[in-house]
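J.: Coordinates for the following, if possible.
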Amino acid sequence: MDRYERILTLHRILKSARYPVSFARLKDELSCSRATLYRDIAFLRDALGAPIEYGEDESTFRYAADEAERFELPGLWLTSEELAALLALNELLGRADPGVLAGALAPFRARIERLLSDHASGRSLPVERIRVLASGSRRLDQATFRGVAGALLNRTRLRFRYRARSTDATTERVVSPQRLAHYRDNWYLDAWDHSRDALRSFALDRIRDPQPLEEAALDREAGELDAHLASSYGIFSGAPKAWATIRFSPHAARWVADEHWHSQQQGERLPDGRYELRVPYSNSRELLMDVLKYGPDAEVVAPVSLREEMKILLQLALGAYGGAPT
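T.: So this is what the prediction gives:
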């Protein structure tokens with residue numbers, strides 16, 4: 001426990017104690033020597049102004065009753081766990097969508113870095129020990145993000161052109177933005193699509209020329225959003241149309257059993273060591289892509305339509321290796 005954490009722990013003990021606290025208890029709680037504890041108590045009292053009262057033989061300590069409620073440590077004090085969390089947050093801000101969020105988050109990052117520097121007190125912080133690696137993120141235009149986020153926060157309708165990933169067809173949409181979602185290193189807009197009269201999710205990297213309108217956005221209940229957009233597998237909207245059953249080999253079962261695929265997933269170990277996973281889905285595309293990552297260690301068991309779709313994908317993939325590369 002470093003000095004910052006000892007001082008913070010000492011303050012919390014004395015502030016919450018209803019009766020004087022013994023020196024022996026403080027020494028045990030802080031896991032430090034007798035001399036170190038006396039120095040910490042003196043620093044808390046003299047440098048930080050804590051209203052510490054001593055017992056007759058200086059074997060007990062407490063905050064003065066009339067000042068204990070009002071006194072707080074000046075500035076911001078962090079435990080080692082809180083410091084680690086702040087370091088991770090700083091790395092997330094620096095690496096997640098730097099082109100989109102860098103300008104808006106730069107002042108916030110500067111404050112965090114000053115705080116970390118102050119906390120270090122001359123010591124080097126192990127920033128290189130925490131890494132945040134983006135995987136599969138797609139390029140997103142900064143103006144698009146600002147336009148969509150602005151309409152969302154201002155609660156106005158939004159018009160834009162949308163190029164569907166599946167068909168590559170471009171359509172014009174007028175939507176009432178409901179919320180932004182960051183999923184697998186990419187941004188999505190959950191919105192009420194007025195042209196479809198339904199809730200839809202839009203990938204921000206496929207949105208072009210977002211134009212906020214003067215008409216107020218139509219608000220949907222949070223429960224409706226969750227039921228429609230969060231009940232099925234992945235980011236795809238719509239109520240689940242079926243439950244998928246996937247079986248994993250004993251080799252893959254070791255880590256699949258600990259993975260979070262869906263909030264409603266069901267899983268069990270089979271007698272032969274395999275792992276069976278059941279998840280709801282509304283659109284098979286993303287689910288099958290996840291299953292394909294496991295290659296021969298995963299088998300789609302049900303429903304039959306999903307199993308047949310996987311067989312077709314595998315046959316098409318195998319067909320690409322039928323001859324020499326062209």
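
J.: Point out where the stretch 51-200 of the chain drops to low pLDDT.
T.: Scanning the stretch 51-200 of the chain for pLDDT under 70 picks out the ranges 75-137.

J.: can you give me the helices in it?
T.: Assigned helices in the stretch 51-200 of the chain, in chain order: 80-95, 98-120, 142-154 (criterion: DSSP state H, counting those that start in this stretch).

J.: Against which helices or strands is the strand ranked longest in the chain packed?
T.: Ranked by number of residues, the top strand in the chain under DSSP state E is strand 170-183. Packing contacts for strand 170-183, counted by 3 or more CB pairs under 8 Å, 6 or more residues apart in numbering; DSSP states H and E, involve helix 142-154, strand 156-163, strand 186-193, strand 198-203. Using the backbone N, CA and C atoms, a C-beta is placed for each residue, glycine as well.

J.: ok, and which of those has the densest surroundings?
T.: Highest mean neighbour count of the helices and strands packed on strand 170-183: strand 186-193, a mean of 22 (counted as mean count of other CB atoms under 10 Å).

J.: so which of the helices and strands packed on strand 170-183 gets nearest Phe43?
T.: Nearest to Phe43, of all the helices and strands packed on strand 170-183, is helix 142-154, at 45.0 Å by CB to CB.

J.: Now name the helix or strand holding Leu277.
T.: Element membership of Leu277 [criterion: DSSP states H and E] is strand 275-281.

J.: Report the rounded mean pLDDT for that strand.
T.: Across strand 275-281, the average pLDDT comes to 93.

J.: With stretch 284-291 instead?
T.: Taken as a whole, stretch 284-291 has an average pLDDT of 88.

J.: Okay, buried residues for that stretch please.
T.: Using 16 or more other CB atoms under 10 Å as the test for burial, stretch 284-291 gives 284, 287-288, 290-291.

J.: and the residues you listed, which two are the farthest apart?
T.: Using CB to CB, the two most remote members of these are Ser284 and Asp290, lying 10.7 Å apart.

J.: overlap in contacts of the two?
T.: Residues touching both Ser284 and Asp290 by CB atoms under 8 Å, 6 or more residues apart in numbering: none at all.

J.: related to what we said a few turns ago, go through the helices and strands packed on strand 170-183 and name the closest to Ala17.
T.: Nearest to Ala17, of all those, is helix 142-154, at 45.0 Å by CB to CB.

J.: what about that closest one, distance to the chain center?
T.: Relative to the mean C-alpha coordinate of its chain, helix 142-154 is positioned 21 Å out (CA atoms, centre = their mean, to the nearest Å).

J.: related to what we said a few turns ago, now the helices and strands packed on strand 170-183 as a markdown table including distance to His11?
T.: Listed next are those as a markdown table, based on distance: least, CB to CB, whole Å:
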| stretch | distance to His11 |
| --- | --- |
| helix 142-154 | 38 |
| strand 156-163 | 47 |
| strand 186-193 | 41 |
| strand 198-203 | 47 |
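
J.: Which one of those lies nearest to Ala222?
T.: Checking the helices and strands packed on strand 170-183 against Ala222 by CB to CB gives strand 186-193 as the closest, at 10.8 Å.

J.: Mind exporting the C-alpha coordinates of the closest one to PDB?
T.: What follows is strand 186-193, C-alpha atoms only, in PDB (Å, rounded to 0.1, in the frame of the first residue of the first chain):
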ATOM      1  CA  ASN A 186     -18.000   0.600 -34.300                       C
ATOM      2  CA  TRP A 187     -20.800   3.100 -33.800                       C
ATOM      3  CA  TYR A 188     -24.500   2.500 -34.600                       C
ATOM      4  CA  LEU A 189     -27.600   4.700 -34.400                       C
ATOM      5  CA  ASP A 190     -30.700   3.200 -33.000                       C
ATOM      6  CA  ALA A 191     -33.600   5.200 -34.500                       C
ATOM      7  CA  TRP A 192     -37.300   5.200 -35.400                       C
ATOM      8  CA  ASP A 193     -37.300   5.000 -39.200                       C
END
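
J.: Show me the domain layout of the chain.
T.: 3-63, 80-129, 142-219, 242-319 (automatic domain parsing).

J.: Quick check: end-to-end length of the first one?
T.: Spelled out, that is domain 3-63. End-to-end span of domain 3-63 (CA to CA, to the nearest Å): 20 Å.

J.: Please state the offset of that domain from the chain centre?
T.: Put simply, domain 3-63 sits 37 Å off its chain's centre (CA atoms, centre = their mean).

J.: how far away is Gly150 from Thr60?
T.: Separation of Gly150 from Thr60 (CB to CB, to the nearest Å): 59 Å.

J.: Please apply the same query to Arg157.
T.: 66 Å.

J.: from the buried residues of stretch 284-291, which single one is nearest Asp272?
T.: Distance to Asp272 across these (CB to CB) is lowest for Val291, with 19.5 Å.

J.: next helix or strand past the helix or strand hosting that closest one?
T.: In this structure, Val291 sits in helix 284-292 according to DSSP H and E. Using DSSP H and E, the helix or strand that follows helix 284-292 in sequence is strand 298-302.
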